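>>> Provided below are the primary sequence and the corresponding predicted coordinates.
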Amino acid sequence: MTTAPDVERLANLRAAKDLMDRSYAEALDLDAIAREAGYSRFHFIRAFRATYGQTPRDYLSARRVERARDLLRGANLTVTEICFLVGFSSHGSFSTRFKAEVGLSPSEYRAREVRRGGPPPIPGCFVLMWSTAQMRNREEAAPGGGP
Amino acid sequence: MITKYSHTPVWVLDQDSAKKFYTEKLGFEVRTDMSMDGLRWLTVGPKGQPDFELILANPGPPMVDDEAAKAIRGLVARGALGAGVMETEDCRKTHAELSKRGVQFLQEPADRPYGVEAVFRDDSGNWFSLTERKGR
């Protein structure tokens, strides 16, 4: 059942997700995002998870890793530069999270992509909008990561 | 044989609001806006592409049944649907202008192998690419 209040609720959650998509590189305040969406922190986490299948924190991490993959594929930057550019506060947390999501370390991933011949001929908009869902589905199928 | 793709639908949550958004914010023109037997047929398009029509479709009877309509409205509201790529002669300039008009962007203009690209949503939640192609 999708009633009018459901549509409004979904739109508010979407706005919070869009904020994370726009501002992933910044240090984000979960309380402020929850307030923007009209929730307390506790209820926001539950509502977000019920709608998108991940907690806001996991979604934000996945978005940062996805953006890091994009930069590793194509940008002339070091792994450390990319780590801080996408919003991680330490190389250690970046590498751990990256490896858990992708199954390879950032350098291994970059080396593999270079061997494969560079960025795929898929428009960036589709990579942005579809890749975090794909990563989440893969995690659910094989917890602990995959290629 | 098939010569063109002339129409494509995008599901919107409110046709009046969508009409305002596509004309006032994106600068499209209305191609058709008429009602018949409970169906409002509303189409818009870019001024420079007169043979293309974007159908601003309301999920509901008679186009789809109630169950489908509820599912579609949920998908649109949660931001799961996108409806394609819009071209621009200057992505950064257009991004600045559209932002001023209140269009919500998910991604600022970024350099890509094929040009410069940004991503935005319409008033219902559909996402679109805004692409300036290299060498066009």
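Yep, that arrived.
>>> helix or strand for residue 92, just tell me which one.
Using chain A here. helix A:91-102 (DSSP states H and E).
>>> hm, I was asking about chain B
Using DSSP H and E, residue B:92 falls within helix B:91-100.
>>> with residue B:129 instead?
Using DSSP H and E, the element containing residue B:129 is strand B:127-133.
>>> could you give me the average pLDDT of that strand?
Model confidence over strand B:127-133, given as mean pLDDT, is 97.
>>> same thing with stretch B:93-111?
Averaged across stretch B:93-111, the pLDDT comes to 96.
>>> buried ones in it?
For stretch B:93-111, the neighbour count (16 or more other Cβ atoms under 10 Å in any protein chain shown) marks B:94, B:95, B:98, B:103, B:104, B:105, B:106, B:107, B:109 as buried. In short, each C-beta sits where N, CA and C put it, glycine included.
>>> what would those look like in a markdown table with distance to chain A?
Output for these, formatted as a markdown table (distance: Cβ to the nearest Cβ, whole Å):
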| residue | distance to chain A |
| --- | --- |
| B:94 | 15 |
| B:95 | 13 |
| B:98 | 14 |
| B:103 | 12 |
| B:104 | 7 |
| B:105 | 7 |
| B:106 | 5 |
| B:107 | 6 |
| B:109 | 11 |
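>>> hmm, back to that, what helices and strands are in contact with the helix holding residue A:92?
Judged by 3 or more Cβ pairs under 8 Å, 6 or more residues apart in numbering or on different chains; DSSP states H and E, helix A:91-102 is in contact with helix A:56-74, helix A:79-85, helix A:106-115.
>>> run the angle between the helix or strand just after the helix holding residue B:92 and strand B:127-133 for me.
Next along the chain after helix B:91-100, taking DSSP H and E as the criterion, comes strand B:104-112. The directions of strand B:104-112 and strand B:127-133 differ by 30 degrees, with axes from the mean of the first three to the mean of the last three Cα atoms, to 10 degrees as the criterion.
>>> note down every partner strand of strand B:104-112 and its orientation.
Strand B:104-112 sits in its sheet next to strand B:115-121 (antiparallel), going by DSSP bridges.
>>> can you list contacts of the strand it pairs with?
The set of residues external to strand B:115-121 that reach it, using Cβ atoms under 8 Å, 6 or more residues apart in numbering or on different chains, is A:18, A:123-125, A:128-129, B:79, B:91-92, B:95, B:98, B:103-110, B:127-134, B:136.
>>> for chain B, which residues are neighbours of chain A?
Chain B comes close to chain A at residues B:13, B:70-71, B:73-74, B:77-79, B:82, B:85, B:104-107, B:110, B:112-114, B:117, B:119, B:121, B:125, B:127-129, B:131, as judged by Cβ under 8 Å from any Cβ of the partner chain.
>>> at 6 Å what do you get?
Neighbours of chain A within chain B, by Cβ under 6 Å from any Cβ of the partner chain: B:70, B:73-74, B:77-79, B:82, B:106-107, B:112, B:117, B:119, B:125, B:127, B:129.
>>> coming back round to it: touching the helix holding residue A:92 from outside, list them.
With Cβ atoms under 6 Å, 6 or more residues apart in numbering or on different chains as the test, helix A:91-102 has contacts from A:61, A:65, A:80, A:83, A:88, A:105, A:106, A:109, A:135, A:145.
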